[in-house]
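S.K.: requesting a structural model of the entry that follows:
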Amino acid sequence: MLAIPIGFAIYLTGITFGIIAFLKKEKGLIKYISLLSIPAGVLFVVFISHLFGGEI
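M.R.: Modelled structure (predicted):
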């Protein structure tokens, strides 16, 4: 069960670095992939919530 908070912390760190890279207007494509993971993460939580009947 320790893997879940560690994975969530890594996910939030990646999003934070993506936002920082976007605000600094750095070159590259990875920052957009990081920012696209925000709605993907929200959709994943909604999917898991629907899968378990809202009992998370």
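
S.K.: can you give me the helices in the protein?
M.R.: For the chain, helices defined by DSSP state H occupy the ranges 3-23, 30-51.

S.K.: let me have those in CSV, extended by mean pLDDT.
M.R.: Output for the helices of the chain, formatted as CSV (pLDDT from 0 to 100):
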stretch, mean pLDDT
helix 3-23, 85
helix 30-51, 83
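
S.K.: can I get these in TSV with mean neighbour count?
M.R.: For the C-beta atoms, the positions are set from N, CA and C on the backbone; glycine is no exception. As requested, those are arranged in TSV below (neighbours: other C-beta atoms under 10 Å):
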stretch	mean neighbour count
helix 3-23	12
helix 30-51	12
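
S.K.: name all residues that make contact with the closest residue to residue 17 other than its chain neighbours.
M.R.: Excluding the flanking residues, the one nearest residue 17 by C-beta to C-beta, 6 or more residues apart in numbering is residue 34, at 6.8 Å. Residues near residue 34 by C-beta atoms under 8 Å, 6 or more residues apart in numbering: 14, 15, 17, 18, 19, 21.

S.K.: thought residue 32 was touching the last one, still the case?
M.R.: No. Under the contact definition of C-beta atoms under 8 Å, residue 21 does not touch residue 32, with a separation of 9.4 Å.

S.K.: circling back to that earlier point, closest to residue 27 out of the contacts of residue 34?
M.R.: residue 21 (9.3 Å; C-beta to C-beta).
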